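Participant: task: produce atomic coordinates for the following.
(one chain, ligands or ions: 1)
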Amino acid sequence: MSPAISRRRYLAGVVLASICALPPTISAQRAATYTPPPPDSVHAIATEHGMVVAQEKIAARIGADILRQGGNAVDAAVATGFALAVTYPRAGNIGGGGFMVVHLADRKEDVAIDYRETAPAAATRDMFLGANGKPDPAKSRDSALGIGIPGTVAGFALALEKYGSGHFTLAKLLKPSIDLARDGFVITDDVADTLPQWHRRLAPWPASAKLFSRPDGGSLREGDKLVQSDLATTLTAIAEQGPDGFYQGPVAQKLAHAITEAGGIITTDDLKSYRAVIREPVRGSYRGYDIVSMPQPSSGGIVLLETFNILEGLPLGEMKQGSAASLHVLIEAMKRGYADRARYLGDPSFVNAPIAALTAKDYAAKLRAGIDPDHATPSSELQAALPPHEGSNTTHFSVVDSQGNAVSNTYTLNFSYGVGIVAGGTGVLLNNELDDFTAAPGASNVFGLVGYEANLPGPGKRPLSSMSPTIVLRDGKPVLVTGSPGGSRIISTVLQVLVNVLDYKMDVAAAVAAPRLHHQWLPDEVRIEPGFSDDVQAGLRSRGHRLVESMGYSSANSIQVTPNGLLGVPDPRTRGAEAAGQ
Ligand code: GLY
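Facilitator: All right, here's what the predicted structure looks like:
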């Protein structure tokens with residue numbers, strides 16, 4: 001099988017964050033450009049030994065090359081993750097954070113690495129309120145106050161140290177990224193589709209404007225070269241000194257200086273204190289499979305398990321895939337899972353959420369008993385509560401190697417291109433992840449997610465996330481690796497991909513390409529992608545569901561492990577994703 005397979009291209013959709021920060025006319029225009037592919041036109045890419053499926057092809061190929069050189073899935077994931085920081089600045093990053101779930105074949109062990117951004121020591125619970133005491137979204141979304149201490153460098157270094165093959169140094173894995181940053185690469189695909197739209201957010205910041213603009217001040221566009229010399233220098237410091245090259249010394253000083261100059265509160269001490277954390281993944285069973293996913297500070301794994309537990313007692317397999325009856329129960333299960341998310345979840349160092357109770361089968365049975373097959377339950381009847389926060393632009397990649405190790409990694413700057421600020425002299429584009437906190441109990445974020453006390457900002461606290469890197473195992477071996485960007489829609493995306501494969505036995509390519517919908521409890525509405533038939537929509541409306549247009553697209557870059565080899569699916573919704581095989 002050829003090492004890197006070029007794939008069909010579809011018109012790009014935009015993800016949810018784009019819609020938030022862009023004028024509605026542009027959002028609607030771009031959302032309308034996505035055309036669902038005919039189901040039989042989407043094919044998985046097959047390979048025998050190892051595979052990386054990522055949102056950008058150069059980075060996917062760099063990871064596949066590490067596999068080819070004898071690296072394991074973690075080595076390849078680290079190389080891919082650093083490369084995306086160069087080639088996919090929309091969400092790939094070293095200025096943000098994320099989560100990695102790893103299956104270690106020889107140890108028969110699953111681990112989760114939490115490298116989520118953290119609020120600085122000077123953070124306060126009312127930091128995102130305005131003078132009137134009400135949430136001021138501009139503070140967390142558009143100002144340097146929204147920047148969390150970046151976790152990606154610490155997370156990747158920890159992953160490599162603990163779970164890499166031992167044959168690759170950080171410096172070796174960083175080499176291709178340093179070369180790409182220094183020499184530049186030609187802008188194409190999803191970066192070309194999004195950068196011109198987001199340029200207005202980057203342009204006010206001098207280092208960002210310098211990096212992403214043409215000489216005339218307009219945005220770099222498709223075919224232009226993006227050269228990132230400062231980023232090459234920063235990556236070289238990491239290659240030479242490890243994480244200390246980022247969290248201490250000149251890079252840290254420049255980061256702290258740029259952030260405080262822009263009105264933020266991150267200090268060099270905050271950077272020095274940052275630690276990635278190894279956590280026990282959440283684990284549950286679904287129809288004989290083991291679902292392994294991200295624990296808090298992600299809500300993803302817990303909501304997925306709760307939702308699967310509800311669905312397990314329903315004869316989904318007897319309902320036609322994509323039928324109104326099947327979609328109705330999916331929506332009702334999502335609604336109940338998302339309602340609990342809002343009420344209970346947050347950073348586990350600060351909140352004591354009832355995880356065992358939420359993921360118990362008997363609790364799901366009670367929730368399931370409340371589902372009426374013919375009528376939607378109004379969200380207001382599920383909980384008298386209020387909505388959480390969530391940024392959406394993010395990117396997911398999946399890796400499987402020839403030994404059966406697997407990595408599911410989702411990381412993010414929150415909005416596309418983060419807060420828009422490149423820290424001068426570092427090339428590091430910074431996140432606005434603290435917008436994922438709830439500004440005040442009951443406040444809703446840009447996606448209408450509602451949050452409570454558990455997710456209020458605080459010093460050293462990690463904001464609640466929906467990122468859900470997930471590995472499905474059967475008899476202890478990975479059968480599916482998936483995850484997605486999309487803010488609140490990450491969980492429902494992963495849910496539907498898994499249901500399509502596990503319940504409906506769909507080929508993984510068709511499972512990923514099938515139209516998706518989303519309900520997050522509040523607002524009480526179903527967001528639907530194009531592609532559902534009029535009959536299906538009528539069937540949902542007749543049960544009382546309010547259907548509204550999808551808010552952009554998620555992107556579930558997935559790998560299925562079959563007895564005959566690996567099947568990789570770059571999600572067709574966004575241009576440029578690739579399955580690179582070994
Ligand atoms: N910022 C998106 C998430 O963490 O879910």
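Participant: go ahead and confirm residue 473 touches residue 286.
Facilitator: No - under the criterion of Cβ atoms under 8 Å, residue 473 is not in contact with residue 286, lying 10.9 Å apart. Yep, even glycine has a C-beta here, placed from its N, CA and C like the rest.
Participant: what helix or strand is residue 254 located in?
Facilitator: The secondary structure element spanning residue 254 is helix 249-261 (assigned by DSSP states H and E).
Participant: again with residue 536
Facilitator: Taking DSSP H and E as the criterion, residue 536 maps to helix 534-542.
Participant: chain center to that helix, what's the gap?
Facilitator: Its chain's C-alpha centre and that of helix 534-542 lie 30 Å apart, by Cα atoms, centre = their mean, to the nearest Å.
Participant: would you mark the buried spots in it?
Facilitator: 536, 537, 539, 540 (16 or more other Cβ atoms under 10 Å).
Participant: show me what it is in contact with.
Facilitator: If you take Cβ atoms under 8 Å, 6 or more residues apart in numbering as the criterion, helix 534-542 is touched by 322, 323, 324, 325, 327, 328, 331, 526, 528, 547.
Participant: for the fourth one, give its distance to the ligand.
Facilitator: Computed as Cβ to the nearest ligand atom, to the nearest Å, the residue 325 to the ligand distance reads 30 Å.
Participant: now that residue: closest residue in space that isn't a chain neighbour?
Facilitator: In this structure, residue 325 finds its nearest non-sequential neighbour in residue 319, 4.6 Å apart by Cβ to Cβ, 6 or more residues apart in numbering.
Participant: the one you found: how many residues sit nearby?
Facilitator: 19 (other Cβ atoms under 10 Å).
Participant: ranges for the helices of the stretch 51-200 of the chain?
Facilitator: Secondary structure of the stretch 51-200 of the chain by DSSP state H, counting those that start in this stretch: the helices cover 57-68, 73-87, 137-141, 152-163, 170-183, 189-202.
Participant: and residue 346, which of the three is it?
Facilitator: coil (DSSP: H, G, I helix; E, B strand; the rest coil).
Participant: anything in stretch 109-118 near the ligand?
Facilitator: No - for stretch 109-118 and the ligand, the contact criterion (Cβ under 6 Å from any ligand atom) is not met; the two come no nearer than 7.6 Å.
Participant: buried ones in that stretch?
Facilitator: By 16+ other Cβ under 10 Å, the buried positions in stretch 109-118 come out as 110, 111, 112, 113, 114, 115, 116, 117, 118.
Participant: now do the same contact list for residue 413.
Facilitator: Residue 413 makes contact with 90-91, 93, 95-96, 393-394, 419, 429-433, according to Cβ under 8 Å, 6+ apart.
Participant: so which of these also contact the ligand?
Facilitator: Here is what survives when the contacts of residue 413 are matched to the ligand using Cβ under 6 Å from any ligand atom: residue 394.
Participant: of the contacts of residue 413, keep whichever come out buried.
Facilitator: Among the contacts of residue 413, those classed as buried by neighbour count (16+ other Cβ under 10 Å) are 90-91, 93, 95-96, 393-394, 419, 429-433.
Participant: okay if I get those as JSON lines plus pLDDT?
Facilitator: Written out in JSON lines, the entries for these read as follows (pLDDT from 0 to 100):
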{"residue": "90", "pLDDT": "96"}
{"residue": "91", "pLDDT": "97"}
{"residue": "93", "pLDDT": "98"}
{"residue": "95", "pLDDT": "98"}
{"residue": "96", "pLDDT": "98"}
{"residue": "393", "pLDDT": "76"}
{"residue": "394", "pLDDT": "92"}
{"residue": "419", "pLDDT": "97"}
{"residue": "429", "pLDDT": "98"}
{"residue": "430", "pLDDT": "98"}
{"residue": "431", "pLDDT": "98"}
{"residue": "432", "pLDDT": "97"}
{"residue": "433", "pLDDT": "96"}
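Participant: pick the one among those closest to the ligand.
Facilitator: Using Cβ to the nearest ligand atom, residue 394 comes nearest to the ligand of the buried ones among the contacts of residue 413, at 5.2 Å.
Participant: next up, phi/psi of that closest one, please.
Facilitator: phi -160, psi 160 (degrees, to the nearest 10).
Participant: how about the one 3 residues further on?
Facilitator: With angles defined as degrees, to the nearest 10, residue 397 sits at phi -130, psi 150.
Participant: I'd assumed residue 559 was in contact with it.
Facilitator: No - at 9.6 Å, residue 397 and residue 559 do not qualify as touching, with contact defined as Cβ under 8 Å.
Participant: pull up the overlap in contacts between those two.
Facilitator: Residues touching both residue 397 and residue 559 comprise residue 53, with contact defined as Cβ under 8 Å, 6+ apart.
Participant: can you get me a residue count around the closest residue to residue 145 other than its chain neighbours?
Facilitator: Nearest non-adjacent residue to residue 145, counting by Cβ to Cβ, 6+ apart: residue 139, 5.2 Å away. By the measure other Cβ under 10 Å, the count of residues near residue 139 is 20.
Participant: how near is the residue nearest to residue 325 to the ligand?
Facilitator: Taken as Cβ to the nearest ligand atom, the span from residue 319 to the ligand is 30 Å.
Participant: now do residue 107
Facilitator: The spacing between residue 107 and the ligand, counted by Cβ to the nearest ligand atom, is 28 Å.
Participant: check that residue and give its pLDDT.
Facilitator: In the predicted model, residue 107 carries a pLDDT score of 96.
Participant: angle of the helix or strand harbouring residue 240 against helix 73-87?
Facilitator: When secondary structure is defined using DSSP H and E, the element that contains residue 240 is helix 229-241. Angle, helix 229-241 to helix 73-87, by axes from the mean of the first three to the mean of the last three Cα atoms, to 10 degrees: 150 degrees.
Participant: helix 229-241 vs helix 170-183, what angle?
Facilitator: Going by the same axes, to 10 degrees, helix 229-241 is angled at 170 degrees with respect to helix 170-183.
Participant: immediately after helix 229-241, which helix or strand?
Facilitator: With secondary structure assigned by DSSP H and E, helix 229-241 is succeeded by helix 244-247.
Participant: only alpha carbons, please: show that following helix as PDB.
Facilitator: Coordinates of the C-alpha atoms in helix 244-247 are reproduced here as PDB (Å, rounded to 0.1, in the frame of the first residue of the first chain):
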ATOM      1  CA  ASP A 244      12.200  23.600  29.700                       C
ATOM      2  CA  GLY A 245      13.000  25.200  26.300                       C
ATOM      3  CA  PHE A 246       9.400  26.300  26.300                       C
ATOM      4  CA  TYR A 247       8.300  26.700  29.900                       C
END
